[in-house]
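K.L.:
Would you be able to build a 3D model of this:
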Amino acid sequence: MKKILVLCTGNSCRSQIAEVYLKKFAGNKAEVYSAGVETHGVNPRAIETMKEDGIDISHHTSNNVNEYRSVKFDYVITVCDNAKERCPFFPSAAKKFHHNFPDPAKATGTDDEIRKQFALVRDEIKDYCKKFIAENL
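P.N.:
Numbers count the residues shown, from 1 in each chain. Model prediction:
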């Protein structure tokens, strides 16, 4: 079974969303973890946008990448440029992937405009995860 780590800055939005979709598309072919180079707690709007797609992440926690130092990952996916630049060295043969998704937590405007930005990023991450699993597992 493959082990996948999704890494972001604070493990609050993008990496949380990617973790769930990777698990969904991988089924029993992979163990998927998410972490941040910092921990910011799970963003309430990320919880809300995932609920709109029928997925409950309200029980998720924000984890620091150092918690997984002993795990031998097959794949490490960074989902923001900051995490890519600050990604710690993993003493493993993990294949590294990177895609810089926009940070929906930085969206501005009305509640509706912010909600739409979260949904847009969620859908972009969902498409990426589906393709990633199809091409790598």
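K.L.:
Quick one: classify the most centrally placed residue in the chain as helix, strand or coil.
P.N.:
Of all residues in the chain, the one closest to the mean position by C-alpha atoms, centre = their mean is S15, 1.7 Å from it. Of the three states, S15 takes helix under DSSP: H, G, I helix; E, B strand; the rest coil.
K.L.:
Just give the nearest non-adjacent residue to it, would you?
P.N.:
Nearest residue to S15, sequence neighbours excluded (C-beta to C-beta, 6 or more residues apart in numbering): C8, at 3.6 Å. Heads up, the C-betas are built off the backbone N, CA and C, glycines and all.
K.L.:
Read off the pLDDT value for that neighbour.
P.N.:
With respect to pLDDT, C8 scores 91.
K.L.:
how close does the residue nearest to the centre of the chain get to T9?
P.N.:
Counting by C-beta to C-beta, to the nearest Å, the separation of S15 from T9 is 9 Å.
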